[in-house]
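Colleague: structure, please.
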Amino acid sequence: MALPGGLLTRGEEPVPLKSISVTLSIREFVAGVSATLNYENEEEVPLETFFVFPMDEDSAVYSFEAEIDGKKIKAELKDKRKAHSIYESALSNRRQAFLLEEDRYSRDIFCCNVGNLHPGSKVALTLKYVQELPLEADGTLRYVLPAVLNPRYCRPGSSEDSCLNMKTPVVPLEELPYTFSMIATISSQHGIERIQSNCPFSPMEYLGDDKTSAQVSLTEGHKFDRDVELLIYYSEKHTPSVAVEMGQAKDNPDGLMKDPSVMVCFYPNIPEVESPVICGEFVFLMDRSGSMHCPISKQDKSQLRIEAAKETLILLLKSLPIGCYFNVYGFGTSYEAFFPNSVKYTQQTMEEALRRVQLMRADLGGTEILTPLQIIYGEPSIPGHPLQLFIFTDGEVTDTFSVINEVRRNRTKHRCFSFGIGEGASTSLIKGIARVAGGTSEFITGKARMQSKALSALKRALQPAVEDISVSWDLPRGLSAKMLSPEQTVLYRGQRLIIYALLSGTMPPADVTGEVCLKYMLQGKSFENRVTFSLQPKPDDNFTIHRLAAKSFLQTKDMGFRDTPAKDKKDVLKVSIDCGVISSQTAFIAVNKSLNKPVQGPLARRDVPRPILLGAASMIPRFYGGGLDRSPAPDHTLRKKCMSLKEASPEIERAHSSTNRMNLETHPTVFGDNHLVQLISLQNADGSWYPDENLAGILGRSLEDLLAAIPVKDANSSSWATVLAMVWLHSNAKQMKCEWELLEKKARTWIRIHAASIMQELVKAAIAFTKSSVDPAIFAL
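Modeller: The predicted model follows:
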């Protein structure tokens, strides 16, 4: 059942929300955001309005205030139950009240309630938050302002009190009655090279000659058809840094805000090494719900999500190492597995998996991810092959915390890499499952390619494990550091590591320094990164570091309004209220007590509509006579579909030969004219290629010409075909090297074993045969 939040139409009443304006300030890798919602009641009766909107799950919301007729009312953060009680009491006494809360089932959905907005009044509600910004693989800083809140699938009987269950109207983009504006200021001591966005922005304007600060603004007329994304390129590579922030001892004698806080940012230079023995169980869990038939983005010629998923699976399957184990699951309302259990990676199992990939469709109904996860975790572990789980989904799940908790319960037996597909994917789900299981998360929107992000994650999964990670402090006598960040158990090459701590004790004179050291082991070798920093704390009116530290703590303890363990709920409530950072257990509440008399007249409800994206309309539930039709689609009851290897492909039991390989002549109809995917599909599990009509067709030659051009008498024809394929990759798909470098590495290994002595001659002849300009030196073994 998809929950878009409500009815398709609700009469012709004016919408009280008129505009949303956002002011963004980015300093180095931290964003401060102020978002203002402007309301006006144009009716003759008092109103209660509801507005449901998305928020990045890393956001630490710390302020909520209302401005009414020039008077500001600052909201207080209270226990959620108490906040609701105050709000209901204010409404019953005809007082103006304002409530801001996080959804009970997902950290990335918020609801803003405005109660007793009297006729003719105007109200501006402003919420503020701070957020760490993620780092892309190329060192780019990425900020995303979520603007799309897609329908989310909900199992019948669950999440009844989610914000999304409010009957919020949804309207086409062109009918959205409120406007959206945004202005961004970026500053960095390293200098700013450029700023890019997926939305129309004004040209970047530097605010000084040293190019350390710049400003951009969103052009008018932005529709809520995509999240607003900024990519920020700083002039220098990031270096380790430490910031110390002054505490607030007077107002917090025993809370987290009392002492100075520290934020340490490491960029560990982990060397690129190969594991002597590559093993593992690789399970790919792919969303096949109906929404996967939508384009990845609204940009022209954007690939369908399901087609990008199929190409991604082919690349992943071809890049797996010989000897590992693997399986592929598809999920929707039901789920399917390629094999009854994970199977050993061989030529035969790889071919069967590829055959199944070609048959994949976005035809499994809603987004029910919890059951297949439980099935995967219930399978017996394979000795010597630790589980690596890759989850691909558009994230349209309501009960997010249940999924995260299931992953958390099994965190000791696997690592989880997650991928959010398309605009509006749940940041709470995608980031949450990766965080609790020691993996990484990626989002695929705009022009981003699922294929390259998935292969980057596979490279991380294949890295030798970094072990014995520790952080130590060298501080003056009388001063100690209390870690607030969870214990670090996973480090990846190219990854940034942020650590939060509190400094307690006697602060030394201004010129005294401290040192923090990150140590880890890799393949028996010890590595360390040290940073020396000033211990003099700096004031910050917004207490940015304290609140980011609180958010980091809350993300490890807060598992939703209902699911947070009793032993953690008390800590979550205390830290949330002490630091003023909203959680699932708290809500902001404000009551306008300055009105001399109660608001007169019956209270009318007005729900602020949300835009509906192309493709999401098919997920909207039907309403009949005010009731919701919750019946599942036919034949989509929860079940497992799985054919045994023998049932799925009887011929697979026969010994492998070139004649029983799957007929890849179907590839042009499956993958269009994508020669790269066609070529990769032809690669064998061991890394080699066969010389056949399909390979010759991609090279634009006949098979007879291909075989006649073998430069060395009695040379293995597969060696010749493999070198030809490698030359083609370097000549025709160089810009996508990150997607095929793992499978090309397999090809090099195969050549090293079977044709190292004649490699130079083969490469030279292959370059001539394909009329390529590739430098032969890049093929040095």
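Colleague: for the helix or strand harbouring Thr36, packing partners?
Modeller: Using DSSP states H and E, Thr36 sits in strand 30-40. Applying 3 or more CB pairs under 8 Å, 6 or more residues apart in numbering; DSSP states H and E, we find strand 30-40 packed against strand 17-27, strand 109-117, strand 122-132, helix 544-557. Where C-beta positions appear, they are placed from N, C-alpha and C, glycine not excepted.
Colleague: how about residues contacting the last one?
Modeller: What it means is helix 544-557. Identification of contacts with helix 544-557 by CB atoms under 8 Å, 6 or more residues apart in numbering yields 30, 32, 57-60, 62, 107, 130-132, 243, 245, 247-248, 256-257, 261-263, 432, 435, 484-486, 498, 500-502, 564, 568, 571-572, 575-576, 578-581, 583.
Colleague: at 6 Å instead, please
Modeller: Residues outside helix 544-557 that contact it (CB atoms under 6 Å, 6 or more residues apart in numbering) are 60, 62, 130, 245, 257, 261, 263, 484-486, 500, 568, 571-572, 575, 579, 581, 583.
Colleague: restrict those to the buried ones and give me that as a PyMOL selection.
Modeller: Typed into PyMOL, the line below selects the buried ones among the contacts of helix 544-557, using 16 or more other CB atoms under 10 Å:
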select buried, resi 60+62+130+245+257+261+263+484+485+500+572+575+579+581+583
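Colleague: which ones among the contacts of helix 544-557 map onto helices?
Modeller: In helices, judged by DSSP state H, the following of the contacts of helix 544-557 are found: Asp568, Asp571, Val572, Val575, Cys579.
Colleague: my guess is the third one contacts Asp558, does it?
Modeller: The reference is to Val572. Yes: the criterion here is CB atoms under 6 Å, and Val572 meets it with Asp558 at 4.8 Å.
Colleague: what do those two both touch?
Modeller: Common neighbours of Val572 and Asp558 (CB under 6 Å, 6+ apart) are Ser583.
Colleague: run the chain-centre distance for stretch 404-411.
Modeller: Taking CA atoms, centre = their mean, to the nearest Å, one finds the center of stretch 404-411 at 17 Å from the center of the full chain.
Colleague: for this protein, give me the ranges with low pLDDT.
Modeller: 1-15, 148-174, 237-238, 251-253, 275-277, 298-300, 396, 595-673, 781 (pLDDT under 70).
Colleague: and Val723, what element?
Modeller: helix 717-732.
Colleague: can you list contacts of the very next helix or strand once past that helix?
Modeller: Next in sequence after helix 717-732, counting helices and strands by DSSP H and E, comes helix 737-754. Helix 737-754 has contacts (CB under 6 Å, 6+ apart) with 315, 318-319, 451-452, 455, 686-688, 719, 722, 726, 729, 759, 781.
Colleague: which among those residues end up buried?
Modeller: Listed as buried from the contacts of helix 737-754 are 315, 318-319, 451-452, 455, 686-688, 719, 722, 726, 729, 759; burial here means 16+ other CB under 10 Å.
Colleague: Leu679 is in contact with Ile698, isn't it?
Modeller: Yes: between Leu679 and Ile698 a contact is recorded at 5.1 Å, counting by CB under 6 Å.
Colleague: give me the more crowded residue out of the two.
Modeller: Neighbour count, other CB atoms under 10 Å: between Leu679 and Ile698, Leu679 has more, with 22 against 18.
Colleague: please identify the helix or strand for that one.
Modeller: Here Leu679 is assigned to helix 675-681, by DSSP H and E.
Colleague: tell me the angle whichever strand or helix holds Ala66 makes with strand 109-117.
Modeller: Ala66 is part of strand 60-68 when elements are defined by DSSP H and E. Between strand 60-68 and strand 109-117, the angle comes out at 20 degrees (axes from the mean of the first three to the mean of the last three CA atoms, to 10 degrees).
Colleague: may I see the buried residues of strand 60-68?
Modeller: Ala60, Val61, Tyr62, Ser63, Phe64, Glu65, Ala66, Ile68.
Colleague: just the closest of those residues to Glu368, please.
Modeller: Nearest to Glu368 out of the buried residues of strand 60-68 is Val61 (CB to CB; 29.9 Å).
Colleague: how about that closest one, what does it touch?
Modeller: Applying CB under 6 Å, 6+ apart to Val61 gives the contacts Leu127, Tyr129, Ile582.
Colleague: most neighbours out of those residues, which is it?
Modeller: Among those, Ile582 has the most neighbours (other CB under 10 Å), with 29 neighbours.
Colleague: got the contact list for that residue?
Modeller: Ile582 sits next to Val61, Glu102 when contact means CB under 6 Å, 6+ apart.
Colleague: wait, Trp377 sits on Asn410?
Modeller: Residue 377: Tyr, not Trp. Yes: proximity of Tyr377 to Asn410 meets the contact threshold set by CB under 6 Å, at 4.5 Å.
Colleague: what about the two, which has more around it?
Modeller: Asn410 (19 against 16).
Colleague: before we move on, back to that, list the buried ones in the helix holding Val723?
Modeller: Neighbour-count burial for helix 717-732 flags 718-730, 732 (criterion: 16+ other CB under 10 Å).
Colleague: could you check the angle the strand holding Thr36 makes with strand 60-68?
Modeller: 30 degrees.
Colleague: which parts of strand 30-40 are buried?
Modeller: Within strand 30-40, the residues that count as buried by 16+ other CB under 10 Å are Val30, Ala31, Gly32, Val33, Ala35, Thr36, Leu37, Asn38, Tyr39, Glu40.
Colleague: and stretch 375-382, by the same measure?
Modeller: By 16+ other CB under 10 Å, the buried positions in stretch 375-382 come out as Ile375, Ile376, Tyr377, Ile382.
Colleague: tell me the contacts of the nearest residue to the second one once chain neighbours are set aside?
Modeller: On the basis of CB to CB, 6 or more residues apart in numbering, the spatially nearest residue to Ile376 that is not a chain neighbour turns out to be Val283, at 5.8 Å. Contact partners of Val283, counting by CB under 6 Å, 6+ apart, are Asn327, Ile376, Leu389.
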